[in-house]
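# One predicted model, sequence on top.
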Amino acid sequence: IAPASPLPVPKALAPFTSRAAAGSGVWRAAGRRVHGYPAIYETRLVPPGSTQSAGIAWMDTHLLSARLYSGSLSPGGGPYRYTAPIEPAQAASLVAAFNGGFKMHDAEGGYYTEGRAIDPLRRGAASMVIYANGSVAIGAWGRDVSMTRRVVAVRQNLVPLVASSQPTRAAAGNWRAWGATCGATSCAASVPGIKRQWRSGLGITADGALIYAYGPALSPLQLARLLVRAGAVRGMQLDINPNWPIFVTYDPPSAGGLAAPSNGRKLLASTVQDPATLFKPGWARDFVTMSARPAR
């Protein structure tokens, strides 16, 4: 049975500065192959106005299928069919996973999964939409994306960060509108937050590839520029602050092997969470898995 045809391999990204480190913007395959093809490529770039590298991942949605996992803190409620820990049946095809968005009282949007609206979907909110066939769309709810019978999950978080291949006006506006951040050395409520903090975001390219970007010292505008540089035509911010962003790939030693913490790898070594996080029953936040599509 022939597999789906992969998307074209992404082209190297131009660094934002001529003084970039060797290898900046060069894509490297990561995670298990799908039907013999790399399904994920990763690279690093230093965003404009910064000295710290951010991680970027490109995901081939012709080869990968998305699934939203729900947690007791975000969105809350439940029980859910898909929640941490990732079970062996899903680990058999797992290639990568990444974090979701804010807890719902901060997300300024809604959450739909498993046939019900956990929180009401809000018009204009930045939305990641997952369809029954595992494909993904990203955009403003009610304008770029909307409810159909094919929709199985919607995760909203704030307003769009990227639209029409450009950072939105909101991305360049008041950074405090993009969530309360930790301070430079502490997340205590008494410590003033800082503009450039751990942030993560998700975008989609014109041909449907997903782009995930995150880094330790990003403003909303820097995050938007990273997504745009990687080809995103629309994009949204996901979770922020040191404890929550995570992007991991899994590469079992055998083709049909189970993804596990022992064969997982972080995109950025400095993240607090690691390949074991999503295999822990106590993980209470939503996240997204990207799994190998079956041969057709």
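Yep, that arrived.

# where in this protein is pLDDT low?
In the predicted model of the chain, residues 1-3, 296 satisfy pLDDT under 70.

# ranges for the helices of it?
In the chain, the helices defined using DSSP state H lie at 88-91, 104-107, 220-229.

# For the last one, what is the distance to the chain centroid?
Using Cα atoms, centre = their mean, to the nearest Å, the distance from the centre of helix 220-229 to the centre of the chain it belongs to is 14 Å.

# Pull the residues that contact that helix.
13-14, 16, 45, 47-50, 54, 56, 161-162, 165-168, 170-172, 175, 178, 196, 199-203, 211, 213-215, 218, 235, 237 (Cβ atoms under 8 Å, 6 or more residues apart in numbering). For the C-beta atoms, the positions are set from N, CA and C on the backbone; glycine is no exception.

# Quick check on these: which are buried?
Buried by 16 or more other Cβ atoms under 10 Å: 13, 16, 45, 47, 50, 54, 56, 161-162, 167-168, 170-171, 175, 178, 196, 199-203, 211, 213-215, 218, 235, 237, out of the contacts of helix 220-229.

# Look up the closest residue to Arg123, ignoring the ones flanking it.
Gly142 (4.1 Å; Cβ to Cβ, 6 or more residues apart in numbering).

# quick one: which of the helices of the chain is nearest Tyr250?
Proximity to Tyr250 (Cβ to Cβ) singles out helix 88-91 among the helices of the chain, at 7.9 Å.

# taking the buried ones among the contacts of helix 220-229 one by one, which sit in strands?
Assigned to strands by DSSP state E, the following of these qualify: 45, 54, 56, 162, 167, 199-203, 211, 213-215, 218, 235, 237.

# Okay, buried residues for stretch 252-265 please.
Pro252, Leu258, Ala259, Ala260, Asn263, Gly264, Arg265.

# I'd say the fifth one and Ser254 touch.
No: using Cβ atoms under 8 Å, Asn263 and Ser254 do not qualify as a contacting pair, with a distance of 10.0 Å.

# Dump the buried residues of stretch 252-265 into CSV; add distance to Asp274 as well.
Formatted as CSV, these follow (distance: Cβ to Cβ, whole Å):
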residue, distance to Asp274
Pro252, 17
Leu258, 17
Ala259, 13
Ala260, 12
Asn263, 12
Gly264, 7
Arg265, 9
